[in-house]
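Enquirer: Give me a model of this one.
(chains A and B)
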Amino acid sequence: MELLSIQQIEKYYGSKSSLTKAIDDISFGVSQGEFVAIMGASGSGKTTLLNCISTIDRVTAGHIYLENADITALKGKELNRFRREKLGFIFQDFNLLDTLTAYENISLALSIQKRSAKEIDAAVKTVAQQLSITEVLGKYPYQMSGGQKQRVASARAIVTNPKLVLADEPTGALDSKAAKMLLERFNYLNSEHNATIMMVTHDSFTASYARRVIFIKDGKIFNEIIRGSDSRKQFFDKIINVVTLLGGDVSDAL
Amino acid sequence: MLFKLSLSNIRRSLRDYAIYFFTLIIGVSVFYVFNAIGGQAAMLKLDGDTRAIVQVLKTLISGVSVFVAGVLGLLIVYASRFLMKRRNREFAIYLMLGMGKGRISAILFAETMLIGLGSLIIGLLLGIGLSQIMSALVINLFQADMTDYQFSVSGEAVIKTILYFAVIYIVVMLFNSVVVTKLKLIDLMQSGKKSEQIRLKNPALCIVIFIISAAALAYAYYQVGWKYSELDQQKMAAYIAVGCVTTFFIFWSVSGMLLRVIMSMKNAYFRGLNTFTFRQISSKINTMVFSMTVICLMLFVTICTLSGGFSIRNSMNANLKEYCPADMGISAYVDEPAEELSITEICEDNGFDVMSYLSDSVHFHTYTDENFTWGSFFGEELIEHFPYVDFSAGEEIVALSDYNAVMRLYGREELSLSEDEFILICNYKQMKELRNEVLAKNPEITISGRKLLSKYGVCTDGFIRLSSQPIQMGAFIVSDSVVKELGYSSDNLIGNYKAQTRAEKAETEEIIKNECDKSFRNMPLVKELGGTLSFDTRIEIANAAVGLGAIATFLALYIGLVFLIACGALLALKELSESVDSIERYEMLRKIGAEESDISKSLFRQTGLFFLLPLLLAAVHSVFGMKFAAYVLEMFGTENMWESICATSVIILLIYGGYFLITYYCGKGIIKDKR
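Expert: Sure, this is the predicted structure:
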């Protein structure tokens, strides 16, 4: 079943005289329970695409449907409700509130949905176990390592059981060990808990954890590869091949 | 180039500077308005006594202005230093680009100049406008004629304002330069990058400190509010110090406990944005316990000065009607009881017929018995308590018929008495309490060999001579037969003038005063024994009352307004800079889907609690402070205390509340969605 359907979206920046097409007619779909990575060089439009899907930014033309509802038509309060109930966000720089403990950061996503304290407690503890962060729940962001912070941020994103988890360069600020651990958690969430994850990255290693990789260049879809029955290693090599095809742009970013 | 940079800097950081600029303008205009009062009153038609009072007021305001300038100066230095801290990044860039510290100083110098000039000009214009409204108050307070009013600008006040603020701005400039020369590039680069450390205070320690502070405060309250008669200056200072220190520790411990308490209420804590809201509040209070203390104490002083000042004025006017029911009263005393003391006769001997000026009058004597003194009334025990009082002085005794005649003149209730009774008249509250204690034992007193008992067992409210306040210390009313053998302690003439208009009355008064004084001095008895002639008139008492009331009102308003502005500005600056620091946090809340209305509510609660906490503690302080003030102001009468408290509340609500609203809306603008 198709969860997310993107139809011919375009996003322009600037004025008539100097027009930048950040997204130039992109269409694709994401099924329920998929783990998709979007790859591209800096400036290819991948973050803009994610921002449009997450309703942080508005498309210039085209439509985005989530469960057959057109999210480009949402306004004001509906937007907030949509973000709160259907989406989970993971950012490169974690975006945790520095004044709150890990537990409180995760609970915030639930408390703004007006859930009861009891429900919140149970949900936070479950998700903490899934992401192995139970022991840092009482700590503040400044007391945690980057990997722990990102896992707390991930816990906050998935604790509400969102339809779609959006991750913007989730491993960008992590060292390779922490990145690996985080991605394994993503895989676990995807395979065991059937979470739909869409991740933007320029890192081939990170992308190789996904089941499908979409390559974007100059605002257009350049290529798309599916992991199928390949091992992660084989899939990684395939990605590297496409990256080489893409030219220097991506390898610059590697 | 530098000038352009400064100008654009100010324009860019207008958001940060808005409250600063606003506060400067208000400061300048308040300073002008009060210093212009003297000039304005000078333009009104006032009689001599009032003119003298205006002069006193002017001197007092000049004196207070120095203090006010000090407060404003501290506020401005603090605020400018605070704003400078926010620009560390900018300075870092200048320094990295190779700009010298001298030039950074020059930029800051130019900025202060621009802001100073701008605020002076706008503040003075605003002040000149506001002072016209103030004129109405001046006219009302001095009870002058409204038709005299005209638009006025006080050159003296303008020059004074410019001078004082120029000095303040120069101090700010010097201060800034010193700070700039101490800047280190490495610190500037790292500022803002340091992650906030959250340390929860030990809750047990917080509770212990809170309990100790609350107990100490309660003790100080009790001493000041109930045991006031035992206070001396040293003790008072000690209790004020206790109040200041405990205020600090209460904020310190509350900031630690507040969060714990709310965290333990899981259902409330994990509802909506409460987690975020309370964390924000607690970190704010945590970082500014000291500022909160200063603000709380300033609010406390404001509340007390304002309500104290207003109640002095209110009761002055009410007292006048009550305690000054005749045009004039003359009392002559000689230092020993004498038979031949009579004002009318003295005057007649000198060829002055005082009675011809009076439409109705009462002429009577009061008596003393050298064996019936304060000491013999109060007894040994009390004498030890009041080492400063002269207990050997004879109590004042008045014959019933004389007293009733005076009461008829005043239009007050007359008394009746049997031969072996006395009535004690007293209306000075503390004295009344003491005397009632004695009367409660139903003592037998001896006057002129006659044994008398109290008719009522308590003091009767009343007075004999004209006054502006209830200051009758005690007079024994006895039946006429008792006083026959006694010597005169004073001779009194109380009456109303024949003259009708105010001007004629003033003229009559002048004549009587001069003639009586001359006659009294020429009297052989006075020359021999020495004596005093006291002259109380309605016009004089009224002028003094009006003047005292006006002085109290103006000074209270002046100090109160400046303190309120300072408190509001400090809180607003802190809160707004917090908002700027928290922009990213609010962005994140939006990203995870928090409602805009919830975010606004959270900001409202943060700002509200931030403003409310110091006010709350200040209000509690004030309840007990006012209890003490009521005792001090007893002789002015405190029946109108509620009225003054209401007026005070309105002023605080307007200015403090105004700062709160401005802060809230500015804060809302700062954290607004940028898209």
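Enquirer: what's near enough to touch the residue of the stretch 501-650 of chain B at minimum distance from chain A?
Expert: The minimum distance from the stretch 501-650 of chain B to chain A, using Cβ to the nearest Cβ, falls at residue B:593 (2.8 Å). In this view, the C-beta of every residue, glycine as well, is placed from N, C-alpha and C. Residues near residue B:593 by Cβ atoms under 8 Å, 6 or more residues apart in numbering or on different chains: A:80, A:81, A:82, A:83, A:84, A:85, A:87, A:112.
Enquirer: So the third one versus chain B, what's the distance?
Expert: Which is residue A:82. 7 Å (Cβ to the nearest Cβ, to the nearest Å).
Enquirer: so what pLDDT did that residue get?
Expert: Confidence at residue A:82, expressed as pLDDT, is 85.
Enquirer: and it, what helix or strand is that in?
Expert: Following DSSP states H and E, one finds residue A:82 within helix A:76-86.
Enquirer: So which elements touch that helix?
Expert: helix B:596-632 (3 or more Cβ pairs under 8 Å, 6 or more residues apart in numbering or on different chains; DSSP states H and E).
Enquirer: just to revisit the earlier point, between helix B:596-632 and the helix holding residue A:82, find me the angle.
Expert: Interaxial angle, helix A:76-86 versus helix B:596-632 (axes from the mean of the first three to the mean of the last three Cα atoms, to 10 degrees): 100 degrees.
Enquirer: List the strands paired with whichever helix or strand comes after helix A:76-86, with their directions.
Expert: Using DSSP H and E, the helix or strand that directly follows helix A:76-86 along the chain is strand A:87-90. Looking at strand A:87-90 with DSSP bridges, its partner strands are strand A:164-168 (parallel).
Enquirer: Distance from the chain centre to the strand it pairs with, please.
Expert: In terms of Cα atoms, centre = their mean, to the nearest Å, the centre of strand A:164-168 is set 2 Å apart from its chain centre.
Enquirer: Okay, and the beta partners of the residue nearest to residue B:488 when sequence neighbours are not counted?
Expert: Setting aside the residues directly before and after it, residue B:488 is nearest to residue B:365 in space (Cβ to Cβ, 6 or more residues apart in numbering or on different chains), at 4.6 Å. Beta bridges link residue B:365 to residue B:491, judged by DSSP bridges.
Enquirer: got the contact list for residue B:365?
Expert: Contacts for residue B:365 (Cβ under 8 Å, 6+ apart) come out as B:341, B:399, B:402, B:488, B:489, B:490, B:491, B:492.
Enquirer: Same check on residue B:411?
Expert: residue B:325.
Enquirer: Ramachandran coordinates for it?
Expert: Per-residue torsions, residue B:411: phi 80, psi 30 (degrees, to the nearest 10).
Enquirer: tell me the strands in chain A, going along the chain?
Expert: Along chain A, the segments classed as strands by DSSP state E run A:2-13, A:20-31, A:35-39, A:61-66, A:69-70, A:87-90, A:164-168, A:197-201, A:212-217, A:220-226.
Enquirer: quick check: mean pLDDT across the last one?
Expert: Computed over strand A:220-226, the mean pLDDT rounds to 89.
Enquirer: And it, what does it pack against?
Expert: Using 3+ Cβ pairs under 8 Å, 6+ apart: strand A:220-226 touches strand A:20-31, strand A:212-217, helix A:232-246.
Enquirer: Convert the C-alpha atoms of that strand to PDB, please.
Expert: Taking Å, rounded to 0.1, in the frame of the first residue of the first chain, the C-alpha atoms of strand A:220-226 are listed here in PDB:
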ATOM      1  CA  LYS A 220      15.500  16.000 -10.500                       C
ATOM      2  CA  ILE A 221      15.500  12.200  -9.800                       C
ATOM      3  CA  PHE A 222      18.700  10.900 -11.300                       C
ATOM      4  CA  ASN A 223      18.500   7.200 -10.400                       C
ATOM      5  CA  GLU A 224      16.900   4.800  -8.000                       C
ATOM      6  CA  ILE A 225      18.200   1.500  -6.700                       C
ATOM      7  CA  ILE A 226      16.600  -1.200  -4.600                       C
END
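Enquirer: Just want the residue of chain A that's nearest chain B.
Expert: For chain A, Cβ to the nearest Cβ, closest residue to chain B: residue A:84, 2.8 Å.
Enquirer: Around that residue, how many other residues sit close by?
Expert: 19 (other Cβ atoms under 10 Å in any protein chain shown).
Enquirer: What about the spatially closest residue to residue A:170 that is not a sequence neighbour, how many residues nearby?
Expert: Residue nearest to residue A:170 in three dimensions, not counting chain neighbours: residue A:90, with 4.9 Å by Cβ to Cβ, 6+ apart. Look at residue A:90: counted by other Cβ under 10 Å, it has 24 neighbours.
Enquirer: do the same with residue A:8
Expert: Residues near residue A:8, counting by other Cβ under 10 Å: 11.
Enquirer: Equivalent analysis for residue A:113, please.
Expert: There are 17 residues near residue A:113, going by other Cβ under 10 Å.
Enquirer: At the contact with chain B, which residues of chain A appear?
Expert: Neighbours of chain B within chain A, by Cβ under 8 Å from any Cβ of the partner chain: A:54, A:56-57, A:76-77, A:80-85, A:87, A:89, A:91, A:95, A:97-100, A:104, A:107-112, A:114-117, A:120-121, A:140-142, A:156.
Enquirer: Generate a ChimeraX selection restricted to the buried entries among those.
Expert: The buried residues among the residues of chain A next to chain B can be selected in ChimeraX (16 or more other Cβ atoms under 10 Å in any protein chain shown) with this line:
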select /A:54,56,57,80,82,83,84,87,89,91,95,97,98,99,100,104,107,108,109,110,111,112,115,117,120,121,140,141,156
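Enquirer: re the thing from before, dump the strands of chain A into TSV; add distance to residue B:38 as well.
Expert: Shown next, in TSV, are these (distance: least, Cβ to Cβ, whole Å):
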stretch	distance to residue B:38
strand A:2-13	64
strand A:20-31	67
strand A:35-39	76
strand A:61-66	72
strand A:69-70	73
strand A:87-90	65
strand A:164-168	67
strand A:197-201	72
strand A:212-217	77
strand A:220-226	79
